[in-house]
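In: here's a sequence, model it:
(chains A and B)
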Protein chains: 2
Amino acid sequence: MWTFESMVGQPSSWLDASGPRSDVVLSTRVRLARNLSGHPFPARAALEDLTAVEEKVLTSASKSNYLTNALVIRMDEAGPPVHQILVERHIASPSFGAKPEGRAVVVGENEVVSAMINEEDHLRLQALRSGLQPLDAWRLVSRIDVEVERNLQYAFSKDWGYLTSCPTNVGTGVRVSVLVHLVGLARLGEVAQVLGGISKLGLSVRGFYGERSAALGGFFQVSNQTTLGQSEEDIAYTVERISSRIVELELKAREELVARAGKRIEDEVWRAHGILTSARVMSSEEVMSLCSSLRLGVARGMIDGIDLGTLNRLLVVTQPGHLKYFHGENPSSDERDRMRADLVRRELGNRERAQ
Amino acid sequence: MWTFESMVGQPSSWLDASGPRSDVVLSTRVRLARNLSGHPFPARAALEDLTAVEEKVLTSASKSNYLTNALVIRMDEAGPPVHQILVERHIASPSFGAKPEGRAVVVGENEVVSAMINEEDHLRLQALRSGLQPLDAWRLVSRIDVEVERNLQYAFSKDWGYLTSCPTNVGTGVRVSVLVHLVGLARLGEVAQVLGGISKLGLSVRGFYGERSAALGGFFQVSNQTTLGQSEEDIAYTVERISSRIVELELKAREELVARAGKRIEDEVWRAHGILTSARVMSSEEVMSLCSSLRLGVARGMIDGIDLGTLNRLLVVTQPGHLKYFHGENPSSDERDRMRADLVRRELGNRERAQ
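Out: As a prediction, this is how the structure comes out:
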C-alpha cells in the first residue's frame, strides 16, 4: 500500500537517475496552476471556501487513472514534520505549511505525480521525471489535467487563458523546471556567464535548496519565467532545448577540467568518497559539496560501484526534515550531523563501518 | 643478505611499534660519540687522516658480534640519493653528505645498530629501539662500544671523560633521544607548558623531521642536553623517567580530549583514514598530520585493523628521498605527491584502489 511511511521509507523515483542526461540533469518538473471558477483565490478565501474547493478537487482527482491509489495528506492533520518532508521531496512549497486549514496534498505512487490543493492557486498539479524530460513530463501532467478537469469548472478567460492568483502564472499556468548539476562550469568560473545568457532567453535560475546549494555544489534549478503567449508544449520544448544546450556546455566544461587538471580532479573525487564513507559528523552543506565532487567522478567514470541515483537521493534524505523523521524526536544540530554522517555511510554501502 | 636494497625495501625494525609505550613513544635512540687518540677531529683532518680513521674503525667494527654482517656504505661512493635515505631512516645526519670523502656508515641488520664514521666525531655509534627503551638501548650500544674499543685507542681524559669535537658531548659522549607523539597535549594546548617543564629538567625538545612535524602532528624528539657529570646509565635512566612522565601526561590528555569531544575526535580519526586510503595527491605535511590523527584513533581503539607500526613507517617512507629512490629518476614535486598518495594507499592495505 502507498502510505506516507512507505513514501518516506523509499527514495523518490524521479531521483533514480534513469532518465536522459542524468549525468548532468537530476530531474524535470512540470507544474500547472489551475483555479475553480466561482471560488475566491485561496489567499482571499474563507475556510468554508477552501474546504469546498478541497473536497471538489479531491473528489475529482480520485477519479483520475493516475491518482486512483494516491496518498491524500490534509495539512491540518499532518503537522510541521510532515510538511518539511514534503518540501524536501519537492511535493509541497515551503509556504504551504503556514496556514494548514483547508489545504491538502495528493501524491501519486512513486511521487511521479502530485498536487497541492489551495496553495497560491486552488490546484497545482505536477509531474516529476528523472533526467531531462520536459516534453514527457508536460504530456503526463497534461493528461492528468484533462482527467481532473472533467469534474471541475476551471477559471479560464478566452483572452488571458487560465486565470491564476499570481499574474506571472496567468496564461498556460505552466512552469517547467530542470534541476541541473553544473559542477564543471562552476569550477571553470563560467557558470555566471552561462546562466546570465539563459536569463536573456527568458528562463530563470536559482539554487536547488536555496543559494547555498548552488555555491557549494553547482546545483541549479532552471525554469521558464513567462507563461503567456506560448503554448504549454512550446514552453516545454524551449526549456528542453535550452537545457540541452546547458548540458552540452557542462559536458564540455568537464572535459576541459579533466584535460587541465585530471589528476587533481581524480584526487578530489576520491577524497570526497573517502570522507563521505568515513566521517562521523557531517553538515548538510558538506554533504552537498562532497556529493557534487563524487557525482562528477561517477559521471566521468573515475570511480566505480556508485550509482548517480544514490547521490541524487542523498541530497534529499540528508535534509533536516528527513533526519528528524527517522530520529522520532527533535534531534539537536549535533545529533543531526551525526545521524547525517551515519546515513551517508549506510547509503554508500559501507554497512560494516556504519555500525 | 643484508644489502642497501634490502634495507630500503623493508621497514626499519625500530618503527614496528613492538616496544613498550608504543601508543605514545615511537622509538628510542642512544648515540655515543667517540674519537681515536692521535688523530685530529674530522673537521680539522686531512683526507689521509680521515681514511686512516675510517679503516681503523671499519676493521674494528667488523669484529663486533653485533656488526658481523653489517652493511658498509662509503659516502663518496654512495651519492646524495643514498645519503638522503640514510637521513630519513635516522642512520646519518643531514650534514654527513656534504663532504663525503673519507666518511662511511655501518648499518647492522634491521637497522637496530649503526655507526657514522668521521661525522663530527670519528665514531658515532647508535642503537635504535622500538618504543620507550632508553636503558635497554644504552646497554646494547654500550656492549658494542666495548667490543669496538678492543681494537681502538679512544681519546679519553681522566678529568673530562671521552673527548669530543663539540664540547656539549664531552664526558660520557652519550645522547639519549625519545621520539614521542604528543597529539593529545597538542590538541589541549598544553604541549608548550609540558615541554617547557622538560627543558627545566635538563632535556631538550625538537620536532621529528624539523619543526613542521611538531606543529602538524605533535611529533617531538626529547633528549638529554648535558653529557657531563652523570654516568651514561644515569642519563638513560633520567630520560626514561621523564619520558614516562610525559607518556602519563599525554595519555591523560587523550583521555580528557575524548571525554570532552569524543565524537569529534572519532570523526577526525575516521576522516583521516578515509583521506589516507582515498587521496590521489598528498603532501608530506598532510601525511604527517593525518597519520597523527589516525595514530590517536588506533591507540585509543577507535578504529581496528591498522597497526601503529604501519603508521610509524609511513612517516619515514613517504619522505622525498624514499619516494625518489623507488621512482628511479628525479620526480617533480607533483609526481612525488602522487607517488606518496599511491604508497600510502598501498601501505594501508587498499591494494585494489591503489592500482
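
In: so residue A:47 touches residue A:103, yeah?
Out: No. Using C-beta atoms under 8 Å, residue A:47 is not in contact with residue A:103; the gap is 10.4 Å. (C-beta placed from N, C-alpha, C; glycine too.)

In: those two: which is more packed in?
Out: Neighbours were counted for residue A:47 and for residue A:103 using other C-beta atoms under 10 Å in any protein chain shown; residue A:103 has more, 25 against 11.

In: looking at the stretch 51-200 of chain A, which residue is nearest chain B?
Out: Minimum separation of the stretch 51-200 of chain A from chain B (C-beta to the nearest C-beta) falls at residue A:187, amounting to 16.2 Å.

In: burial measure for that residue, as a count.
Out: Residue A:187 has 21 nearby residues by other C-beta under 10 Å.

In: repeat for residue A:231
Out: For residue A:231, using other C-beta under 10 Å, the count is 11.

In: quick check: the residue of the stretch 51-200 of chain A closest to chain B touching residue A:258?
Out: No. Counting by C-beta under 8 Å, residue A:187 stays clear of residue A:258, with 10.4 Å between them.

In: what's stretch A:314-329 in contact with?
Out: Residues from elsewhere that reach stretch A:314-329 (C-beta atoms under 8 Å, 6 or more residues apart in numbering or on different chains): A:8, A:11-12, A:15, A:81, A:84-85, A:87-89, A:208-209, A:213, A:219, A:282, A:284, A:287-288, A:291, A:330-331, A:335-336, A:339-340, A:343-344, A:347-348.

In: can you do 6 Å?
Out: The contact list for stretch A:314-329 (C-beta atoms under 6 Å, 6 or more residues apart in numbering or on different chains) reads A:81, A:84-85, A:88, A:284, A:287, A:291, A:336, A:339-340, A:347.

In: which of those sit farthest apart?
Out: Across those, the longest distance by C-beta to C-beta is 24.0 Å; it joins A:81 and A:291.

In: could you check which of those two is surrounded by more residues?
Out: residue A:291 (26 against 14).

In: pull the contacting residues for that one.
Out: When contacts are counted by C-beta under 6 Å, 6+ apart, residue A:291 touches A:311, A:314.

In: distance of it relative to residue A:131?
Out: Between residue A:291 and residue A:131 the computed distance is 17 Å (C-beta to C-beta, to the nearest Å).

In: assign a three-state SS to the residue nearest the centre of chain A, would you?
Out: Central residue of chain A (C-alpha atoms, centre = their mean): residue A:90, 4.3 Å from the mean position. Under DSSP: H, G, I helix; E, B strand; the rest coil, the three-state class of residue A:90 is coil.

In: coming back round to it: give me the phi and psi for the residue of the stretch 51-200 of chain A closest to chain B.
Out: Residue A:187 adopts backbone torsions of phi -70, psi -30, taken as degrees, to the nearest 10.

In: count of residues packed around the closest residue to it other than its chain neighbours?
Out: Among residues not flanking residue A:187 along the chain, residue A:257 sits closest, at 5.5 Å (C-beta to C-beta, 6 or more residues apart in numbering or on different chains). Residue A:257 has 20 neighbours, counted by other C-beta under 10 Å.

In: do the same with the one 3 residues further on
Out: The local packing count at residue A:260 equals 11, with neighbours defined by other C-beta under 10 Å.

In: so it versus chain B, what's the distance?
Out: Counting by C-beta to the nearest C-beta, to the nearest Å, the separation of residue A:260 from chain B is 14 Å.

In: tell me which helix or strand that residue sits in.
Out: According to DSSP states H and E, residue A:260 maps onto helix A:232-276.

In: and the angle from that helix to helix B:232-276?
Out: Between helix A:232-276 and helix B:232-276, the angle comes out at 160 degrees (axes from the mean of the first three to the mean of the last three C-alpha atoms, to 10 degrees).

In: any idea of the mean pLDDT for helix A:232-276?
Out: Across helix A:232-276, pLDDT averages out at 95.

In: packing partners of it?
Out: Where contact means 3 or more C-beta pairs under 6 Å, 6 or more residues apart in numbering or on different chains; DSSP states H and E, helix A:232-276 is packed against helix A:134-149, strand A:174-181, helix A:183-187, helix A:284-299, helix B:232-276.

In: so residue A:308 touches residue A:17, yeah?
Out: Yes. Here residue A:308 reaches residue A:17: they are 3.8 Å apart, a contact under C-beta atoms under 6 Å.

In: list the buried residues for stretch A:135-142?
Out: Buried residues in stretch A:135-142, counted by 16 or more other C-beta atoms under 10 Å in any protein chain shown: A:135-138, A:140-142.

In: same check on stretch A:148-168?
Out: Result for stretch A:148-168 [16+ other C-beta under 10 Å]: buried residues A:148, A:152, A:154-155, A:161-165.

In: now that stretch: how far from the chain's centre is it?
Out: 24 Å (C-alpha atoms, centre = their mean, to the nearest Å).

In: about what we covered before: tell me the one of the buried residues of stretch A:148-168 nearest residue A:235?
Out: Distances from residue A:235 to the buried residues of stretch A:148-168, taken by C-beta to C-beta, are shortest for residue A:161, at 12.1 Å.

In: please report phi then psi for that closest one.
Out: Per degrees, to the nearest 10, the backbone of residue A:161 is at phi 90, psi -150.

In: returning to that earlier point: how about the buried residues of stretch A:135-142 in TSV, adding distance to chain B and pLDDT?
Out: Listed next are these as TSV, based on distance: C-beta to the nearest C-beta, whole Å; pLDDT from 0 to 100:
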residue	distance to chain B	pLDDT
A:135	41	96
A:136	38	96
A:137	37	97
A:138	42	96
A:140	41	96
A:141	43	96
A:142	47	95
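
In: for these, which one is nearest residue B:25?
Out: Nearest to residue B:25 among these, with distances taken as C-beta to C-beta, is residue A:137, at 65.0 Å.

In: residues touching the closest one, list them.
Out: A:28, A:30, A:127, A:129.

In: if you set the cut-off to 7 Å instead, what comes out?
Out: For residue A:137, the contacting residues are A:28-30, A:127, A:129, by C-beta atoms under 7 Å, 6 or more residues apart in numbering or on different chains.

In: which of the residues you listed count as buried?
Out: Looks like the contacts of residue A:137 have A:28-30, A:127, A:129 buried, using 16+ other C-beta under 10 Å.

In: having no further points to raise, I will conclude here.
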